[in-house]
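*Asks:* Okay, sequence plus prediction incoming.
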Amino acid sequence: MSAPPERARRRVNVRTPEVMERVQAEVARHYQSSIVEKVRARGGVLSIDGTTIRLAKQFGFCYGVERAIDLAYASRRVFPDNRVFLIGEIIHNPEVNRQLEEMEIVSLPWRSMDGRYDELAEDDVVIVPAFGAPISFIDKVESRGCRIVDTTCGDVMKVWRRVRGFAKEGVTSIIHGKADHEETRATASRAVGDDGSGHYLVVLTLDDIDYVCAHLEHGGDTDAFRERFAGAMSEGFDPSLHLRRVGVANQTTMLKSETEEIQRRVREAIVRRDGDDAHFSVFDTICGATQERQDALFELLEEPLDLLLVVGGYNSSNTTHLVEIGEKELPTFFIRSAACLVSLEEIVHYDIHRKEEVGVYSEALASDRPILVGITAGASCPNNLIEDTILKVFELRGIGAEAVRSA
Ligand code: SF4
C-alpha cells in the first residue's frame with residue numbers, strides 16, 4: 001500500500017482515550033456548574049424569597065463547541081512542548097479564549113494572513129476552530145508542513161458539502177449569513193467549488209434579499225449591485241449572469257424564521273420570473289443546536305417573566321439571535337458575564353443595534369416586589385458563567401451564595 005500523501009499525514013488525531021479522559025476532567029473543572037445542574041434537575045426553576053430564575057430548557061455549550069474545546073485542550077496535552085496556534089478564536093466566548101491563552105495556545109489572525117503564517121514550522125500545531133477556516137488558510141498551514149488539529153463542526157461541513165454541490169451543478173449559492181463571520185467566510189471559500197468557477201452571494205437582511213430578488217426578476221444597475229455587496233460575493237460576480245440558477249444555504253447559527261423568509265422570497269421571485277421553481281434549490285443548514293436553543297427560548301417566553309438575561313460573547317451569532325427573539329417580547333439584556341450586573345441600578349448590556357455596551361436600568365430588577373428572571377445563553381457559553389449570573393442576580397436581590405447553594 002502506498003503512503004498517504006504528506007498533507008493527509010499532517011492531520012493529527014489527538015482524541016486518544018487516555019488523553020480525552022484527562023482533558024474532559026479538566027474541561028469539566030473549568031466550565032461545569034453544580035448550581036446549573038441543580039436548577040436543571042428541578043425543571044429549570046429556582047425561587048428564593050421572591051426572586052425566581054427560570055432557565056431555558058436548552059442553552060449553553062452545543063456538541064460542536066464541546067468537541068472543539070476538548071480537541072484544543074487535547075492538542076496542548078499531546079504536544080506539551082510544541083508551539084500551538086489557533087486560527088482566530090476557537091469559539092466566540094472570551095472566557096474560553098482566555099483559558100486557551102493561559103495554556104499558551106496562540107491566536108493567529110483570521111481575516112487575513114500576515115507574516116506569522118509564513119513563520120509557521122513543521123513542529124507547530126495549528127488548530128482549526130469550530131467554524132472552520134477558508135481554504136486558503138488551510139492550504140497555507142499545510143504548505144508550511146504544520147500538524148493540523150481540525151475542530152470544524154460536522155454541521156458546518158454539511159453546509160460546505162451543499163455549497164460545493166451547488167457549484168458543481170452551476171448553481172450560485174446565496175448564503176444567508178454575516179459576510180464577515182468566520183463560518184461564512186469558510187463556507188464562501190467552498191462555494192466557488194473545487195475548480196473555483198462557482199459563485200456565491202452573502203445576504204444578511206430581508207432588505208438585502210428584496211434587492212437581490214428585484215435584480216433577479218427585472219435586472220438592474222450592476223455597479224450599484226456590486227457596490228452594495230462588496231466583500232460579500234465571489235470574484236467576478238455578475239448579477240445578470242449569476243442569478244439564473246440559485247441555491248439558498250445559511251450560516252448554521254441564523255434566526256430560523258428569517259432564513260425561512262429569505263428562502264420563501266427567493267423562491268417566489270424565481271417562480272414569478274420563470275413560471276416555476278426549477279432553477280431554485282434550498283437546503284436548510286441551521287444546525288440542530290441553534291434551533292433547539294431558539295425553540296427553548298420561545299418556550300421559556302410562554303411563561304410570565306419580568307426580564308431576560310442572555311449570556312454570551314458579543315460576537316456570537318447564535319447568541320445575538322436569542323437576544324433578537326427576547327427583545328420582541330420583554331426587557332432583554334445581553335451580558336457577557338455576571339460582572340455586567342453591576343448593581344440594582346445598572347446593567348451593562350450590549351446593544352445589538354448600536355453595537356456597543358451601554359449602561360441600562362431595569363425597573364424590575366431594582367423593584368421590591370417578587371420578580372421572575374429568565375436566563376438563557378448561546379452555544380458558546382459555558383455553564384460556569386451561567387452559575388455566576390444566577391448567583392449575581394440573587395446577590396443583588398439580597399440573597400447570598402450560601403442560600404442559593406443550600407436551597
Ligand atoms: S452552533 Fe451548531 S454549527 Fe456551531 S458548533 Fe454548535 S452545533 Fe456546530
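*Replies:* Thanks, I have it.

*Asks:* Break the chain down into its domains, please.
*Replies:* 33-61+289-406, 64-151, 155-282 (automatic domain parsing).

*Asks:* right, and those domains - which one's nearest residue 21?
*Replies:* domain 64-151 (10.4 Å; CB to CB). In this view, the C-beta of every residue, glycine as well, is placed from N, C-alpha and C.

*Asks:* And the next helix or strand past whichever helix in the chain runs longest?
*Replies:* Counting by DSSP state H, the longest helix found in the chain is helix 256-274. Once helix 256-274 ends, the next helix or strand along the chain (criterion: DSSP states H and E) is strand 280-282.

*Asks:* Around the ligand, pick out the residues from the stretch 101-250 of the chain.
*Replies:* 130, 153, 155-156 (CB under 6 Å from any ligand atom).

*Asks:* All the strands of the stretch 51-200 of the chain, residue numbers only.
*Replies:* With DSSP state E, counting those that start in this stretch, the ranges of strands along the stretch 51-200 of the chain come out as 51-55, 84-87, 105-108, 125-128, 147-150, 172-176, 200-203.

*Asks:* sec struct for the closest residue to the ligand within the stretch 301-407 of the chain, please.
*Replies:* Using CB to the nearest ligand atom, residue 379 is the residue of the stretch 301-407 of the chain that sits closest to the ligand, at 4.1 Å. Secondary structure for residue 379, judged by DSSP: H, G, I helix; E, B strand; the rest coil, is coil.

*Asks:* number of nearby residues for the residue found closest to it once you drop the neighbours it is linked to in the chain?
*Replies:* Distances taken as CB to CB, 6 or more residues apart in numbering place residue 62 nearest to residue 379, at 3.9 Å, with adjacent residues excluded. Applying other CB atoms under 10 Å, we find 26 other residues in the vicinity of residue 62.

*Asks:* Need the phi and psi values for residue 62.
*Replies:* phi -100, psi 170 (degrees, to the nearest 10).

*Asks:* circling back to that earlier point, any chance of the domains of the chain in CSV, with mean pLDDT and mean neighbour count too?
*Replies:* Formatted as CSV, the domains of the chain follow (pLDDT from 0 to 100; neighbours: other CB atoms under 10 Å):
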stretch, mean pLDDT, mean neighbour count
domain 33-61+289-406, 96, 19
domain 64-151, 95, 19
domain 155-282, 96, 19
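
*Asks:* Would you mind telling me which of those is nearest residue 13?
*Replies:* Using CB to CB, the domains of the chain put domain 64-151 closest to residue 13, at 8.4 Å.

*Asks:* How far off centre is that closest one?
*Replies:* Distance, stretch centre to chain centre, for domain 64-151: 17 Å (CA atoms, centre = their mean, to the nearest Å).

*Asks:* same thing with stretch 267-285?
*Replies:* Worked out by CA atoms, centre = their mean, stretch 267-285 lies 28 Å from the chain centre.

*Asks:* ok, and does that stretch reach over to the ligand?
*Replies:* No: judged by CB under 6 Å from any ligand atom, stretch 267-285 and the ligand are separated, with a smallest distance of 8.9 Å.

*Asks:* Redo the strands of the stretch 51-200 of the chain as TSV? Include distance to residue 291.
*Replies:* As requested, these are exported to TSV (distance: least, CB to CB, whole Å):
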stretch	distance to residue 291
strand 51-55	18
strand 84-87	27
strand 105-108	29
strand 125-128	24
strand 147-150	24
strand 172-176	14
strand 200-203	20
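
*Asks:* For residue 160, which of those is the nearest?
*Replies:* strand 172-176 (10.5 Å).

*Asks:* what residues are up against residue 177?
*Replies:* Taking CB atoms under 8 Å, 6 or more residues apart in numbering, we find residue 177 in contact with 183-184, 187, 202, 204, 250-251, 254, 317.

*Asks:* Now intersect the residues you listed with the helices, please.
*Replies:* Per DSSP H, the contacts of residue 177 map to helices at 183-184, 187, 317.

*Asks:* and these, which two are the farthest apart?
*Replies:* Farthest pair in the ones in helices among the contacts of residue 177, by CB to CB: 187 and 317, 12.7 Å.

*Asks:* okay, the angle between the longest helix of the chain and strand 172-176?
*Replies:* Here the directions of helix 256-274 and strand 172-176 differ by 150 degrees (axes from the mean of the first three to the mean of the last three CA atoms, to 10 degrees).

*Asks:* Which elements pack onto helix 256-274?
*Replies:* strand 172-176, helix 206-218, strand 246-250, strand 280-282, helix 288-300 (3 or more CB pairs under 8 Å, 6 or more residues apart in numbering; DSSP states H and E).

*Asks:* How far does the third one sit from its chain's centre?
*Replies:* Translated: strand 246-250. 19 Å.

*Asks:* for that strand, packing partners?
*Replies:* helix 154-168, strand 172-176, helix 256-274, strand 280-282.

*Asks:* ditto for the shortest one
*Replies:* For strand 280-282, the packing partners by 3+ CB pairs under 8 Å, 6+ apart come out as strand 246-250, helix 256-274.

*Asks:* Output the longest one as PDB, restricted to C-alpha atoms.
*Replies:* Extracted as PDB, the C-alpha positions of helix 256-274 are listed here (Å, rounded to 0.1, in the frame of the first residue of the first chain):
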ATOM      1  CA  LYS A 256     -34.600  30.200  11.700                       C
ATOM      2  CA  SER A 257     -37.700  32.300  10.900                       C
ATOM      3  CA  GLU A 258     -35.600  34.900   9.000                       C
ATOM      4  CA  THR A 259     -33.800  32.200   7.000                       C
ATOM      5  CA  GLU A 260     -37.100  30.600   6.000                       C
ATOM      6  CA  GLU A 261     -38.400  34.000   4.900                       C
ATOM      7  CA  ILE A 262     -35.400  34.500   2.700                       C
ATOM      8  CA  GLN A 263     -35.800  31.100   1.200                       C
ATOM      9  CA  ARG A 264     -39.500  31.900   0.500                       C
ATOM     10  CA  ARG A 265     -38.800  35.300  -1.100                       C
ATOM     11  CA  VAL A 266     -36.100  33.900  -3.400                       C
ATOM     12  CA  ARG A 267     -38.300  31.000  -4.500                       C
ATOM     13  CA  GLU A 268     -41.300  33.300  -5.200                       C
ATOM     14  CA  ALA A 269     -39.100  35.700  -7.200                       C
ATOM     15  CA  ILE A 270     -37.900  32.800  -9.400                       C
ATOM     16  CA  VAL A 271     -41.400  31.500  -9.900                       C
ATOM     17  CA  ARG A 272     -42.500  35.000 -11.000                       C
ATOM     18  CA  ARG A 273     -39.500  35.200 -13.400                       C
ATOM     19  CA  ASP A 274     -39.500  31.600 -14.800                       C
END
